[in-house]
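Q: Structure for the following, please:
(one chain, ligands or ions: 3)
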Amino acid sequence: MNQTSTAQQILTVQQHILQEQKRFPGASGEFSWLLSGITLATKLIQAKVRRAGLTDIIGEQGEVNVQGEVQQKLDVYSNDVLAHCLSVRESIGVLASEENENPIIVHKGSENAKYAVIFDPLDGSSNIDVGVSVGTTFSIMKRPEDAALNDPEKWILQPGSAQVAAGYVVYGSSTILVYSVGNGVHGFTLDPAVGAFMLSHPNIKMPKQGKYYSVNEAYRDTFPEQYGRYIDSLRRGDLGKPYASRYIGSMVADVHRTLLKGGVFLYPETKSNPDGKLRLLYEANPIAFLVEQAGGQALDGTGRILDIQPDSVHQRTPIILGSPTEMEAYQSICSQQC
Ligand code: AHG
Ligand code: MN
Ligand code: MN
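A: Numbering: from 1, shown residues only. Ligands and ions are numbered 1, 2, ... in the order given. Have a look, this model is predicted:
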């Protein structure tokens, strides 16, 4: 009988997490139990996303969230499912979500509560009712030694470099979970027949260079100067051949493509979003963690995203992320311009 090579090894995300968590001395299975809360929740979310047109889940919930955005029903459902699946994991003490104004304390006073999970339950929600890919992002922080059980902000307002794990699920033509615990980036595709995320993209490394740039060009005239110069240089072919443009409008989908194919994704500050549109804690940080683990770079325009010291849960940041060649080119333009 031919032996399956390790490359074809059938590995579920649960098995992978168990292997990975050996890197966390004293983790005693709590970490894999925590992450299983995320995999369960995202399976439930994807089942709803796949049927969004069929059940009464599509369309607006009518309420406006803390971001001032009209909540889509699937946003609310996804938020509730994640909150439920995670709050029953005793190792989790605090949850923070794009959809909730304040972080939620979910430990019952247990000293075992070590982790905070910060998430965007449904990223790209404006794309739900047109059948375009959406996603979920998550960032896991460990409670700082000096953080009191009843001081949830202290648990989460840490620089992205303090993340112990981060990841996303993209609900696209297939459902793919991509995560890292700081030991490389690994992707798992949901096999609907089995209901398990199976290892499909071991140790993702960004190509040195891609062929796409990804930005909402409608706002180009209000970007800071260096971005226009940068986009023109990509179009002109200064990095070899002229770039093509791809923009889905769901950050998780645009980032997933950039992670696998290389290239650059950017959402700079604009007139309507002078601090940038994307949120630091649950969009920029988890993505920046993965991009760096995969060999790329993620900046806020001048500095490293993961170095930013947050001062509020929903604070926004400009972001430009991509593969080495494109990021070097941006920084050389910026050295004359920023
Ligand atoms: P969310 O749906 O969680 O609010 O996030 C939407 C974000 C992000 O997914 C995407 O990159 C960006 O909004 C698109 O913004 P524009 O429509 O302004 O391009
Ligand atoms: Mn989002
Ligand atoms: Mn969202």
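Q: which parts of the stretch 1-150 of the chain sit against ligand 3?
A: Within the stretch 1-150 of the chain, the positions adjacent to ligand 3 are 98, 120, 122-123 by Cβ under 5 Å from the ion. For the C-beta atoms, the positions are set from N, CA and C on the backbone; glycine is no exception.
Q: just checking, which of those residues belong to helices?
A: Members of these lying in helices (criterion: DSSP state H): none.
Q: Generate JSON lines for the residues you listed, with neighbour count as supplementary columns.
A: Below are these laid out as JSON lines (neighbours: other Cβ atoms under 10 Å):
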{"residue": "98", "neighbour count": "24"}
{"residue": "120", "neighbour count": "28"}
{"residue": "122", "neighbour count": "30"}
{"residue": "123", "neighbour count": "29"}
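Q: can you count the residues close to the closest residue to residue 209 other than its chain neighbours?
A: Closest residue to residue 209 apart from its sequence neighbours, by Cβ to Cβ, 6 or more residues apart in numbering: residue 325 at 3.8 Å. Neighbour count of residue 325, defined by other Cβ atoms under 10 Å: 17.
Q: what phi and what psi does the backbone show at residue 325?
A: Backbone torsions for residue 325, taken as degrees, to the nearest 10, come to phi -60, psi -50.
Q: my guess is it contacts residue 239, does it?
A: Yes: counting by Cβ atoms under 8 Å, residue 239 is a contact partner of residue 325 at 6.1 Å.
Q: what touches both of the two?
A: Residues touching both residue 325 and residue 239 (Cβ atoms under 8 Å, 6 or more residues apart in numbering): residue 209.
Q: re earlier: return the subset of the residues of the stretch 1-150 of the chain next to ligand 3 lying in strands.
A: 120, 122-123 (DSSP state E).
Q: got TSV for these, with pLDDT too?
A: Formatted as TSV, those follow (pLDDT from 0 to 100):
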residue	pLDDT
120	98
122	96
123	98
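Q: how about TSV for the residues you listed, with distance to ligand 2 added?
A: Below are those laid out as TSV (distance: Cβ to the ion, whole Å):
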residue	distance to ligand 2
120	4
122	8
123	3
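Q: mind putting those residues in CSV, distance to ligand 1 included?
A: Below are those laid out as CSV (distance: Cβ to the nearest ligand atom, whole Å):
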residue, distance to ligand 1
120, 5
122, 6
123, 4
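Q: from those residues, which single one is nearest residue 317?
A: In terms of Cβ to Cβ, no member of these lies closer to residue 317 than residue 120, at 13.8 Å.
Q: from memory the closest one sits against residue 282, does it?
A: Yes: in this structure, residue 120 is within contact of residue 282 by Cβ under 8 Å, at 4.5 Å.
Q: what's the helix or strand for the residue nearest the centre of the chain?
A: For the chain, residue 137 is the residue whose C-alpha lies nearest the centre (Cα atoms, centre = their mean; 3.8 Å). Per DSSP states H and E: residue 137 is located in strand 134-142.
Q: Would you mind finding the longest helix in this protein?
A: helix 30-50.
Q: for it, packing partners?
A: helix 13-20, helix 73-87, strand 115-123, strand 134-142, strand 165-171, strand 175-180 (3 or more Cβ pairs under 8 Å, 6 or more residues apart in numbering; DSSP states H and E).
Q: run the last query once more with 6 Å
A: helix 13-20, helix 73-87, strand 165-171 (3 or more Cβ pairs under 6 Å, 6 or more residues apart in numbering; DSSP states H and E).
Q: and among the ones you listed, the most buried is which?
A: Counting by mean count of other Cβ atoms under 10 Å, strand 165-171 has the highest mean neighbour count of the helices and strands packed on helix 30-50, with a mean of 28.
Q: Does that one reach ligand 1?
A: No: with Cβ under 6 Å from any ligand atom as the criterion, ligand 1 is not reached by strand 165-171; the gap is at least 10.6 Å.
Q: I figured residue 107 was touching residue 92, is that so?
A: No: using Cβ atoms under 6 Å, residue 107 is not in contact with residue 92, being 7.2 Å away.
Q: which residues are common contacts for residue 120 and residue 282?
A: Counting by Cβ atoms under 6 Å, 6 or more residues apart in numbering, the shared contacts of residue 120 and residue 282 are 98, 137.
Q: So which bits of the protein are right by ligand 2?
A: Residues of the chain lying near ligand 2 (Cβ under 5 Å from the ion): 120, 123.
Q: Enumerate the residues of the chain near ligand 1.
A: 69, 98, 120, 123-126, 216, 249-251, 267, 277.
Q: Could you check how many residues crowd around residue 295?
A: By the criterion of other Cβ under 10 Å, residue 295 has 17 neighbours.
Q: Might you report the residue contacts of it?
A: With contact set as Cβ under 6 Å, 6+ apart, residue 295 has these partners: 205-206.
Q: can you check the one 3 residues further on too?
A: Remark: with contacts taken as Cβ under 6 Å, 6+ apart, residue 298 is in contact with 288, 291, 305, 321.
Q: Other residues contacting the helix or strand bottoming out on mean pLDDT in the chain?
A: Least confident helix or strand, the chain: strand 70-72 with a mean of 71, by mean pLDDT, DSSP states H and E. Contacts of strand 70-72 with the rest of the structure, by Cβ under 6 Å, 6+ apart, involve 60-61, 63-65, 125, 128.
Q: rerun at 8 Å
A: Strand 70-72 is contacted from outside by 58-65, 99, 122, 125-126, 128-129, using Cβ under 8 Å, 6+ apart.
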